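[1] quick one, what's the 3D model for this:
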Amino acid sequence: MTIGLDTNVLVYTANTKDLARHTIAMEVDYRAGAADSVLTLQSLAEFVRVMTGKVGMTHADVRRYIDAWRRVFRVKAADERAFGDALEAMAEHSIPIFDALLWATARRAGCTTIPTEDFQDGRGLGGVTFLNPFDPKNARRLDRILPKL
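    Just a heads-up that it's a prediction; the model follows:
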């Protein structure tokens, strides 16, 4: 089972303002690192935007996080086919284009689950299930898809 991490998991990993979400995101990040997991360039770019803009983290600190993740996770970029899939998902399922592009890229990389709080929890789309890791009722599902360490 391949996992694709969404931007919000990355943001909560690096941002301690919401300690409960930070703790969960750190665990998901750590456990995903031991699994077959993917980061999309879309997620990394959004992480840079949020952390340098909204949170005010320095470029150097943001870069340290990204470099660490790039050593652990496969990083996948969107291609023309993923973009076409994203456009279809946007039109057919009312998904914002950047979320749709993340989904399409992760799907093309073989992801079956995307831990995220931005999509409808439990929703399946094209063989990919969205799972809110911050909802306590999903703890057992996370245990089934992420290795215990």
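
[2] what's in contact with the helix or strand hosting residue 27?
    Using DSSP states H and E, residue 27 sits within helix 19-33. Contact partners of helix 19-33, identified using Cβ atoms under 8 Å, 6 or more residues apart in numbering, comprise 3, 5, 9-13, 15-16, 72-73, 115, 133-134, 142, 146-149. Yep, even glycine has a C-beta here, placed from its N, CA and C like the rest.

[3] ok, stretch 5-14 next?
    18, 21-22, 24-26, 28-29, 32, 37-39, 42-44, 46-47, 50-51, 55, 57, 62, 65, 69, 73, 102, 114-119, 133-134.

[4] select only the buried ones of those in ChimeraX?
    Typed into ChimeraX, the line below selects the buried ones among the contacts of stretch 5-14, using 16 or more other Cβ atoms under 10 Å:
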select :21,22,24,25,28,29,32,37,38,39,42,43,44,46,47,50,51,57,62,65,69,73,102,114,115,116,117,118,119,133,134
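
[5] in helices only, show me the contacts of stretch 5-14.
    21-22, 24-26, 28-29, 32, 42-44, 46-47, 62, 65, 69, 102 (DSSP state H).

[6] and the gap between residue 106 and residue 49?
    Using Cβ to Cβ, to the nearest Å, one gets 19 Å for the distance from residue 106 to residue 49.

[7] before we move on, what SS does residue 122 have?
    coil (DSSP: H, G, I helix; E, B strand; the rest coil).
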